[in-house]
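Trainee: fold the following, please.
(chains A and B)
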There are 2 protein chains.
Amino acid sequence: MKHFENIKLYKDKGEHLYIQLYKAIKKLIMEERLSKDEKLPPIRKLAQKLDVNNVTVVNAYHILEQEGLVYKKMGSGTYISPDFLTYISEEVEDQKIIEGLGSLSLIEQGQIQIKNNMINFASATPMAELFPVDDFKEVLNEVLDRDKGHAFDYQESQGYLPLREALIKYVREYNIFADINSLQIISGAQQGIDIIAKALLNYGDTVIVENPSYTGAIASFKSRGAKIIDVNLIDDGIDIDDLERKIRIFRPRFLYLMPNFQNPTGISYSRSKKEKIINLCKQYNMYIVEDDYLSDLNFYSWDNTTLKSLDTNNDLVIYVKSFSKIFMPGLRLGFLIAPSIFYDHLLFAKHSSDISTSGLLQRALELYFTRGTWKEHIKYMEKKYKSGFDTMLRSIEKYMPSQVEYIHPKGGVNFWFKLPMEISSRELYEKAIRKNVALAPGNLFFIHQNDNNHFRLSIASVNNYEIEKGIIIISNIIKELINDINRSGLNEEKYRPIL
Amino acid sequence: MKHFENIKLYKDKGEHLYIQLYKAIKKLIMEERLSKDEKLPPIRKLAQKLDVNNVTVVNAYHILEQEGLVYKKMGSGTYISPDFLTYISEEVEDQKIIEGLGSLSLIEQGQIQIKNNMINFASATPMAELFPVDDFKEVLNEVLDRDKGHAFDYQESQGYLPLREALIKYVREYNIFADINSLQIISGAQQGIDIIAKALLNYGDTVIVENPSYTGAIASFKSRGAKIIDVNLIDDGIDIDDLERKIRIFRPRFLYLMPNFQNPTGISYSRSKKEKIINLCKQYNMYIVEDDYLSDLNFYSWDNTTLKSLDTNNDLVIYVKSFSKIFMPGLRLGFLIAPSIFYDHLLFAKHSSDISTSGLLQRALELYFTRGTWKEHIKYMEKKYKSGFDTMLRSIEKYMPSQVEYIHPKGGVNFWFKLPMEISSRELYEKAIRKNVALAPGNLFFIHQNDNNHFRLSIASVNNYEIEKGIIIISNIIKELINDINRSGLNEEKYRPIL
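Mentor: As a prediction, this is how the structure comes out:
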């Protein structure tokens, strides 16, 4: 009853009391303050408590029932539906993910033509101009001359062995000591996440994700019929108390985390938080899917340790590594390292997804790696990105209105902003596009709530000149929007930054 | 009651009567002779009929109930569980598919090293020596010089537009007139099938497949929680009466069919059967997934029409086209053509599977296609295959013992054999491997029954000399096995070919 006692209804609000009550209870459910199969207060008792007619409560319960949020037991009362999470999923998420991914992919894949003169803060993948095409062409030709038709034969589903060996050596530099059998080649990180979903998730399983997060991963989990529970990010990573609480309630199959330079927020977990998470997972016998899309792009962080390197027994973390952000996205190549318990399931999932990843590209990448060209290129990219990163920080400090909050990242390519409450990121997005600046509205990254105030800027696809110019343009648009609000006579109080 | 009347129990068999009865009823269920929710005979009546105690029947029903094959209705009786198919799936299929695919992939992907001197009838993909490596290297380099970094950028999820246009033109030659929007590029046919499963199937949906069929497809359907119902193949294609019956009972989401030179049997559907299937699907408002992996490799068939070309409104058939068998499997490229109702779902499923297929390879294939090099290569492959096909037919006629039945295909690369009942294909497989001949045991292709008598030989990876030599070796092994049985004094009657 305690949550219900705090419900406030206003008779002069111009909204039916039963609608107000229905909304208040729905909010409690959505915020997961009520557990499944929990009994709602008896009608008469709640009516008395809130000082309303019985009919008000009856009507409110009735709408909740129609929406599938509660169910009635004959002669016993009304209960929270055990499916309310599914409800959340179906009603809110599906739509959003399809829309969200849709828009994101339109930008990220060039289906919306980002014009040549457009400043593209929306894409988190590097400019094609930076790709080492000549070097890669060289290794491609060498492979073709060396292996001939075999370069076009089916490759083993687990991947081309010499490439896997090269990658095992590579991750050692990041303190990941893995067995060759634990490494599976994938056609990009998205496929890695997708085959993990296929191999591990059964219909109705739960996955815990960061909020906000990468919706491409959520889409894969949901396509397996999984329930998605999100946990907020705070300064030093995921909110660990809320995480433990939700682990206890939902017993998820795994956590999906990006502990370094998280997408979209740029937040990095502290070392102690990383260790706590490892311990928590040991304690609750749970797995972690670590999406490492950028940990190597560290500029100012004291600690870009991966969870995988802390998983010294290699039995907790499935580590997914993408090369799309630092190398070439069109290569569609990445790898994962998994606990031995999952080898067969992942291999089977990979096989039934696309049999194997292109052998030609695997062989070429192997040559590129072992020859050391890789290291030179990565150094070059790091220098480029570092310069962009610094320019971005300077430009934000110089131009961005103080009403805009942002998270100061220590590496990576993403910057995460929060607009004053009255300004919507969709509005900003549309005005910016008209001025030839593209950005990613924040609602693309939220799972359960409709967000209207965040946006992400990425420095992957822009040069220093564009960064400064783009920030000036965005800042000016925001200033105008703020002025519009002021002119329309709204109280200054209202657009104060909200924490 | 009619099936139950034929049950025979033996009091002197050394097995409890109730166990015998339980097994006999389970067999009826497994063979799908009883329909779901069908009532079992009343205990007393069946006991009387079989001349046993009531307790025998009670015990038998009890075990069936424990296994989930039947359920009890209070005061009404015992009924066949509607989930018995799921039961079959879980108990029989899962294991088999994992084992089956496992072994198949070991051979097909070279994880079992097919030694250089081995005659490889097991693989249905062409020899690497036949791949047009030099021509493809040329187009690869041209693309790199022309498109530079953009060749490694994300490609649109639906595929590289010029390639899609080239393919739309290409299928016109096969009387498929499709809109450019209907064509989706995929990373090989297996991915095509997998994203169809993802886009169309919900947990618990039913899919009808041919028996035997390609287990890689079944694995994708099952990974979505689908129930698999199989329909036998007869001379001129799928058994249409059984198909209609099962459509009525199970209302499947779609049929998965290979109407030309089916894998593994080599059977081609007659034209009239193809038309009947199209009409059936119209009538029952159902979809067809047509896996066209080889229809272009026609040598003696009067009709290699695709179902897609008969689907003149483009609203029934999802057409999946592989290039792996006739071009290069390691390219991991194919396409599908779908009814407009599925465009968005398929695109979304593709996006969440691997975002997009390698742009470099798509661009190279496009150049290879439009330049006409493709046609020359296909002609060359057809000639090669035709010669192997004829050599195969001659060798079978000349050497294969008459006790072995086989289906005479009219095109494609697969030949399907049935051994005398006492000889197992596993035994043949093992003896053949020791003589450096690889073949595919038939159990890899069956869904519900354990098969021990069929095997598949493919001519894709062998030259004419190897074909004749390999058939001689296999024939000799079979003859020896037949002789062994004769020597061990078994009645000749027993190894007569079973139809």
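Trainee: CA atoms for contacts and neighbours, from now on please.
Mentor: OK.
Trainee: who is residue A:318 paired with across the strands?
Mentor: residue A:289 (DSSP bridges).
Trainee: helix, strand, or coil at the residue in the stretch 251-400 of chain A that chain B sits nearest to?
Mentor: Closest approach between the stretch 251-400 of chain A and chain B, counting by C-alpha to the nearest C-alpha: residue A:330, at 4.0 Å. Classification of residue A:330 by DSSP: H, G, I helix; E, B strand; the rest coil places it in helix.
Trainee: per-residue pLDDT, residue A:92?
Mentor: For residue A:92, the pLDDT comes out at 36.
Trainee: returning to that earlier point: what is the neighbour count of the residue of the stretch 251-400 of chain A closest to chain B?
Mentor: Number of residues near residue A:330 (other C-alpha atoms under 10 Å in any protein chain shown) recorded here: 25.
Trainee: just confirm it contacts residue B:360, I think it does.
Mentor: Yes: counting by C-alpha atoms under 8 Å, residue A:330 touches residue B:360, with 7.4 Å between them.
Trainee: can you list residues touching both of those two?
Mentor: When contacts are counted by C-alpha atoms under 8 Å, 6 or more residues apart in numbering or on different chains, residue A:330 and residue B:360 are jointly contacted by B:151-152.
Trainee: so for the helix of greatest length in chain A, what gets flagged as buried?
Mentor: For chain A, the helix that runs over the most residues, judged by DSSP state H, is helix A:373-399. Using 16 or more other C-alpha atoms under 10 Å in any protein chain shown as the test for burial, helix A:373-399 gives A:374, A:377, A:381-382, A:385-386, A:388-389, A:391-392, A:395-396.
Trainee: swap in stretch A:233-246?
Mentor: For stretch A:233-246, using 16+ other C-alpha under 10 Å, the buried residues are A:233, A:236-240, A:243-244, A:246.
Trainee: thinking again about what came up before, what's downstream of the longest helix of chain A, the next helix or strand?
Mentor: strand A:405-407 (DSSP states H and E).
Trainee: what about the following helix or strand past that following strand, average pLDDT?
Mentor: Once the chain leaves strand A:405-407, the next helix or strand it forms, by DSSP H and E, is strand A:414-418. For strand A:414-418, the mean per-residue pLDDT is 97.
Trainee: could you dump strand A:414-418 to CSV, C-alpha only?
Mentor: Coordinates of each C-alpha in strand A:414-418 appear next as CSV, following Å, rounded to 0.1, in the frame of the first residue of the first chain:
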residue,chain,number,x,y,z
ASN,A,414,31.3,10.2,-28.8
PHE,A,415,30.0,13.2,-26.9
TRP,A,416,26.7,13.2,-25.1
PHE,A,417,24.6,16.3,-24.5
LYS,A,418,21.5,17.3,-22.6
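Trainee: show me what it is packed against.
Mentor: strand A:405-407, strand A:454-458 (3 or more C-alpha pairs under 8 Å, 6 or more residues apart in numbering or on different chains; DSSP states H and E).
Trainee: how about the longest one: buried residues?
Mentor: In this case it means strand A:454-458. A:454-458.
Trainee: average pLDDT for stretch A:331-346, rounded please.
Mentor: Stretch A:331-346 comes out with an average pLDDT of 93.
Trainee: now do stretch A:400-411
Mentor: 95.
Trainee: just the terminal-to-terminal distance for it.
Mentor: By C-alpha to C-alpha, to the nearest Å, the extent of stretch A:400-411 from end to end equals 20 Å.
Trainee: then stretch A:403-420?
Mentor: 6 Å.
Trainee: buried ones in that stretch?
Mentor: Of the residues in stretch A:403-420, A:403-406, A:409-420 count as buried by neighbour count, 16+ other C-alpha under 10 Å.
Trainee: do stretch A:438-457 as well
Mentor: For stretch A:438-457, by 16+ other C-alpha under 10 Å, it's A:438-448, A:451-457.
Trainee: and residue A:176, how far from residue A:183?
Mentor: Distance, residue A:176 to residue A:183, by C-alpha to C-alpha: 12 Å.
Trainee: these two: who's more crowded?
Mentor: Comparing residue A:176 with residue A:183 by other C-alpha under 10 Å, the one with more neighbours is residue A:183, at 25 against 22.
Trainee: correct me, but the more buried one touches residue A:335?
Mentor: Yes: if you go by C-alpha under 8 Å, residue A:183 and residue A:335 touch, sitting 6.8 Å apart.
Trainee: now do the helices in the stretch 201-350 of chain A.
Mentor: Using DSSP state H, counting those that start in this stretch, the helices of the stretch 201-350 of chain A run over A:215-223, A:240-250, A:271-284, A:307-310, A:343-354.
Trainee: can you list those helices in a markdown table and add distance to residue A:152?
Mentor: What follows is those, written out as a markdown table (distance: least, C-alpha to C-alpha, whole Å):
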| stretch | distance to residue A:152 |
| --- | --- |
| helix A:215-223 | 29 |
| helix A:240-250 | 46 |
| helix A:271-284 | 41 |
| helix A:307-310 | 33 |
| helix A:343-354 | 15 |
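Trainee: what about the longest helix of chain A, distance to the chain center?
Mentor: Its chain's C-alpha centre and that of helix A:373-399 lie 23 Å apart, by C-alpha atoms, centre = their mean, to the nearest Å.
Trainee: follow-up on the earlier one: restricted to strands, list the buried residues of stretch A:438-457.
Mentor: A:438, A:440-441, A:454-457 (DSSP state E).
Trainee: so which of those residues would count as near chain B as well?
Mentor: When contact is defined as C-alpha under 8 Å from any C-alpha of the partner chain, these do not meet chain B at all.
Trainee: show me the two of those residues that sit farthest apart.
Mentor: For those, the farthest-apart pair by C-alpha to C-alpha is A:438 and A:454; their separation is 14.3 Å.
Trainee: which one of the buried residues of stretch A:403-420 sits closest to chain B?
Mentor: Of the buried residues of stretch A:403-420, the one sitting nearest to chain B (C-alpha to the nearest C-alpha) turns out to be residue A:413, at 17.4 Å.
Trainee: would you mark the buried spots in stretch A:26-35?
Mentor: Buried, per 16+ other C-alpha under 10 Å, within stretch A:26-35: A:26, A:29-30, A:34.
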